[in-house]
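Peer 1: This is a predicted model, with the sequence first.
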Amino acid sequence: MRKIWLFLLLFLFLTVFCFAVAEQFEYRFVVGTKYRILSEVDENVYINSVLSHHARMLNRISVEIIEADHESGVMFATLDLSERITGRFSTYEITERYESTFRQDRRGFTTVDRQYFIPMARDIPVFPDYPIEPGYEWTGEGEEVHDFRRSFNIPQPYAFPVSVSYKYLGKDETGLYDVFNIRYSVDHETNFPRPRNVTNQLHLVRITGSTDQIMLWDNKRGRAFSYSEEFIFEMELLSGDIVTFTGTAWAEVIEAEDLDTDKLVEEVEQSIRDSGIENVYVERVAEGIKITIEDIQFLPDSAILAETEFEKLAQIIEILHNNPNHDLLIIGHTALAGTAEGRRALSFQRARGVAEHILDSGARTEREVRILGRGAEEPVATNATEEGRRRNRRVEIIILEN
């Protein structure tokens, strides 16, 4: 009888112990939740094993949950892809902007219209529908979606399948997050109709590669907290050339803090009145708070700020110091003069001039500032008069709400 009781006690202990360490992972959705994902990529590009160039990219995704129940949620997301010239500038220049609305269920499966470029990684990660313990492994199928419009003249979002393997490694050293190793590989033939000109350098034939990722998961909030990865992908062209992308990436999820827009607008307006600075205006916009500096002065034919602008920026920088937890988008505009390409380049340069000044002040870090050049595409006044052209020569600083 004693042996039976000992056996039952041991069985009960093991059952409780296993239950205690096993945990079920799932996505969670609360309407109104906002957060952003900041990802940095350090990449080398080779053509036929010869280094072509090095790229450093910053990807910023803003997410808002707009519908939700226990089983799934609908997200609205925007993505800015940014790049900077290594060794020359600190600021990241936006090269592409995307938006998307998609549904995700509690296990991680994604439903999204094929017209959208984002999410770029779909059905990754997907969790088992039962509790798992450290050391547990499983597999799944996911999908990557890429924008090949410029590089390969493919007009629509291009999707290809990836085979994914997962392993749950347990808690991290803080005990707050769960650690997963996620690996996936691709070996995909494009099957595009082949052009008559077989020497076409831009015809994509095959994609191969792999990635190895460590992800920290926040199971309380039901979403990833951060990840780091190493990757290598090769693209074979019809000509026989091989383009290789290799590098590392990391990402973190940042909780959006409420921006008191009414209070901030009042503070900026009061600061403008007290300082007596001219041609500076503030307003609420969909993305946050926009501060516009009209008729901004630079040295002739350059992006170097004139000294007369330093006082204006000093007042704005003080405001930025007082509101530190929000990223900045800085947009340059020009009057209608010269070529469209020249105007766009000049508007980027002038946005960069303001951004570099803000970075030098310490009001923001490199990862918190991105720039965009609009040329003369968005005038606020007529370009037929000097007064109108003066107003159109402007830089906008947007304090982003998320």
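Peer 2: Alright, I've got the coordinates.
Peer 1: What are the buried residues along stretch 330-343?
Peer 2: 330-336, 343 (16 or more other Cβ atoms under 10 Å). Bear in mind the C-beta positions are built from the backbone N, C-alpha and C, glycine included.
Peer 1: Using CSV, write down the CA coordinates of it.
Peer 2: What follows is stretch 330-343 as a C-alpha-only set of coordinates in CSV (Å, rounded to 0.1, in the frame of the first residue of the first chain):
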residue,chain,number,x,y,z
ILE,A,330,11.4,65.7,-41.0
ILE,A,331,10.1,66.7,-44.4
GLY,A,332,11.8,69.1,-46.8
HIS,A,333,10.0,71.1,-49.5
THR,A,334,11.1,73.5,-52.2
ALA,A,335,9.6,76.1,-54.5
LEU,A,336,8.9,75.3,-58.1
ALA,A,337,12.4,76.0,-59.7
GLY,A,338,14.8,73.8,-61.6
THR,A,339,14.1,70.1,-62.4
ALA,A,340,11.9,67.7,-60.5
GLU,A,341,14.9,65.6,-59.7
GLY,A,342,16.9,68.6,-58.5
ARG,A,343,14.1,69.8,-56.4
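Peer 1: average model confidence for that stretch?
Peer 2: Averaging pLDDT along stretch 330-343 yields 86.
Peer 1: Show me what that stretch is in contact with.
Peer 2: 346-352, 354-355, 358, 369-376, 378-379, 383, 388-390, 392-398 (Cβ atoms under 8 Å, 6 or more residues apart in numbering).
Peer 1: before we move on, back to that, among the buried residues of stretch 330-343, name the ones in strands.
Peer 2: 330-332 (DSSP state E).
Peer 1: Could you dump the residues you listed into CSV with distance to residue 218 added?
Peer 2: Formatted as CSV, these follow (distance: Cβ to Cβ, whole Å):
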residue, distance to residue 218
330, 31
331, 33
332, 37
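Peer 1: Nearest to residue 313, out of the residues you listed: which one, please.
Peer 2: residue 330 (11.3 Å; Cβ to Cβ).
Peer 1: Bridging across strands, which residues link to the nearest residue to residue 185 once chain neighbours are set aside?
Peer 2: Nearest residue to residue 185, sequence neighbours excluded (Cβ to Cβ, 6 or more residues apart in numbering): residue 210, at 4.3 Å. Beta-bridge partners recorded for residue 210 (DSSP bridges): residue 185, residue 232.
Peer 1: Can you list phi and psi of residue 162 for me?
Peer 2: Main-chain torsions, residue 162, degrees, to the nearest 10: phi -130, psi 140.
Peer 1: Quick check, it in contact with residue 146.
Peer 2: No: at 11.8 Å, residue 162 does not count as touching residue 146 under the criterion of Cβ atoms under 8 Å.
Peer 1: I'd like the distance between the residue nearest to residue 185 and residue 68.
Peer 2: According to Cβ to Cβ, to the nearest Å, residue 210 stands 34 Å off from residue 68.
Peer 1: Do a quick rundown of the helices in the stretch 51-200 of the chain.
Peer 2: Applying DSSP state H, counting those that start in this stretch to the stretch 51-200 of the chain gives helices spanning 149-152.
Peer 1: Okay, now the unreliable bits of it?
Peer 2: The model of the stretch 51-200 of the chain has pLDDT under 70 over residues 85-89, 194-200.
Peer 1: Please repeat the previous calculation with a cut-off of 80.
Peer 2: For the stretch 51-200 of the chain, the stretches with pLDDT under 80 are 84-90, 191-200.
Peer 1: Please, where are all the strands along it?
Peer 2: 72-84, 92-105, 110-112, 121-122, 137-146, 158-171, 178-189 (DSSP state E, counting those that start in this stretch).
Peer 1: Distance to residue 130 and mean neighbour count added to those, as TSV?
Peer 2: As requested, the strands of the stretch 51-200 of the chain are exported to TSV (distance: least, Cβ to Cβ, whole Å; neighbours: other Cβ atoms under 10 Å):
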stretch	distance to residue 130	mean neighbour count
strand 72-84	18	19
strand 92-105	15	16
strand 110-112	21	17
strand 121-122	23	19
strand 137-146	10	16
strand 158-171	12	16
strand 178-189	15	17
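Peer 1: got those strands as TSV, with distance to residue 219 columns?
Peer 2: Listed next are the strands of the stretch 51-200 of the chain as TSV, based on distance: least, Cβ to Cβ, whole Å:
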stretch	distance to residue 219
strand 72-84	16
strand 92-105	16
strand 110-112	19
strand 121-122	20
strand 137-146	17
strand 158-171	10
strand 178-189	6
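Peer 1: out of those strands, which comes closest to residue 288?
Peer 2: Across these, closest to residue 288 is strand 72-84 (Cβ to Cβ), at 12.6 Å.
Peer 1: Just the CA atoms of the closest one, as CSV, please.
Peer 2: Output of strand 72-84 as CSV, limited to C-alpha atoms (Å, rounded to 0.1, in the frame of the first residue of the first chain):
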residue,chain,number,x,y,z
SER,A,72,-8.3,37.4,-33.8
GLY,A,73,-7.6,41.0,-34.4
VAL,A,74,-7.5,43.5,-37.3
MET,A,75,-4.4,45.7,-37.5
PHE,A,76,-3.7,48.8,-39.5
ALA,A,77,0.0,49.2,-40.1
THR,A,78,2.4,51.6,-41.8
LEU,A,79,6.0,50.8,-42.7
ASP,A,80,8.8,53.3,-43.5
LEU,A,81,11.9,51.8,-45.1
SER,A,82,14.9,54.0,-44.5
GLU,A,83,18.5,53.9,-45.5
ARG,A,84,21.6,56.1,-44.7
